[in-house]
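1. starting from these lines, generate the structure:
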Amino acid sequence: MRNEKEIVRRFYDTFGWDRNVGGVYRDTDAFVDSRHVLDSYRHNTHMRVARFLPSRGEYFLDAGCGAIPHQEYLEYSAGFRWRVCVDFSEKALAEARTKLGDHGLYVVGDVTKLPFVDNTFDAVLSAHVIYHVPYDEQEAVIRELHRTLAPGRTCGIIYSWPQYWYSRFRGYCLAVCRLIWKTLSVDRLWKTVREIGGRNVQADGGHRVVVARERPPLYFRPHDRRWFRETFAETFNMEIRTWRSVDRLFTQRLVPDNFFGRLIMTMIYWCEDLLPHLLGRMGRYPLIILRK
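-> Numbering: from 1, shown residues only. Below you'll find the model as predicted:
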């Protein structure tokens with residue numbers, strides 16, 4: 001197994017699919033803003049996926065299923081006879097089994113080489129998986145999903161762009177602030193103040209106490225929109241829409257935990273529904289639809 005894949009598997013086997021003291025998966029705790037002010041937004045965006053997947057059939061493929069961490073994910077396959085879960089983590093499949101039971105079929109496998117014949121599945125889902133696949137193998141995953149999808153059916157892929165409108169805006173602002181900081185020599189003054197203060201501070205005998213569990217590394221390298229267009233647009237019926245246009249960094253910094261925060265998230269959701277293709281290009285997480 002390639003080193004990038006081993007890093008991903010180790011992350012989820014030793015950290016991601018463990019639960020914290022509140023019973024939440026550590027993967028969710030690390031990457032999702034779980035405040036109640038976002039409850040409606042999270043639910044609505046999860047259910048947004050269901051609009052584009054068939055509601056019933058024989059076989060539903062969950063490629064890179066993980067632990068199926070969200071209740072809404074279970075609803076995607078409720079009208080299917082079987083939900084086929086593929087993952088290279090046995091711990092992930094064990095967690096998935098606790099949710100699906102006999103409704104699921106569980107396969108230890110690599111999404112770059114699916115062990116299924118052509119045109120098998122009536123619906124295909126790959127959520128937050130492909131950008132963790134080695135950069136040069138992501139094309140193979142998408143072609144495998146398309147190959148195993150039955151004619152007339154739909155595949156949904158939740159992906160992430162390398163950058164989006166907020167990360168670019170924040171990057172520009174930080175660059176300007178750094179320039180001003182250095183130009184005014186404020187950094188030298190601040191460094192002197194810290195050095196003076198540091199000589200008078202004693203903290204636990206010089207030892208640092210680490211309470212939180214250290215998070216292991218996780219491989220993440222997404223392609224940009226241009227790559228999708230140049231690689232698949234001429235051969236696949238592909239549509240890029242928005243899944244979520246903002247991420248945890250945005251919400252934790254700019255969305256207050258009150259009525260105004262709920263109002264902000266409601267407006268963002270409405271904008272996503274009003275301008276799904278524009279925000280699919282500019283936002284953080286696109287929903288890529290493949291039709292066969």
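2. nearest to the spatial middle of the protein, which residue is it?
-> residue 128 (3.9 Å; C-alpha atoms, centre = their mean).
3. isn't that residue right up against residue 158?
-> Yes. Residue 128 lies in contact with residue 158 (C-beta atoms under 8 Å); the separation is 5.5 Å. Where C-beta positions appear, they are placed from N, C-alpha and C, glycine not excepted.
4. can you tell me the helix or strand for residue 239?
-> strand 237-244 (DSSP states H and E).
5. mind listing what's buried in that strand?
-> 238-244 (16 or more other C-beta atoms under 10 Å).
6. need those residues in CSV (columns: pLDDT).
-> Output for the buried residues of strand 237-244, formatted as CSV (pLDDT from 0 to 100):
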residue, pLDDT
238, 97
239, 97
240, 97
241, 98
242, 98
243, 98
244, 98
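7. let me know the closest of those to residue 87.
-> residue 243 (20.7 Å; C-beta to C-beta).
8. roughly how far does that closest one sit from residue 122?
-> 21 Å (C-beta to C-beta, to the nearest Å).
9. the residue nearest to the centre of the chain: what's it in contact with?
-> 64, 66, 158, 160 (C-beta atoms under 8 Å, 6 or more residues apart in numbering).
10. turn these into CSV, including distance to residue 262, neighbour count and secondary structure.
-> Shown next, in CSV, are these (distance: C-beta to C-beta, whole Å; neighbours: other C-beta atoms under 10 Å; DSSP: H, G, I helix; E, B strand; the rest coil):
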residue, distance to residue 262, neighbour count, secondary structure
64, 32, 23, coil
66, 28, 23, coil
158, 24, 21, strand
160, 25, 20, coil
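11. quick check: nearest residue in space to residue 247, chain neighbours excluded?
-> residue 284 (4.4 Å; C-beta to C-beta, 6 or more residues apart in numbering).
12. report the contact partners of that neighbour.
-> Residue 284 touches 160-161, 164, 166-167, 244-247, 250, counting by C-beta under 8 Å, 6+ apart.
13. hey, where'd the helices end up in the stretch 1-150 of the chain?
-> Using DSSP state H, counting those that start in this stretch, the helices of the stretch 1-150 of the chain run over residues 3-11, 26-31, 39-50, 71-75, 90-100, 138-148.
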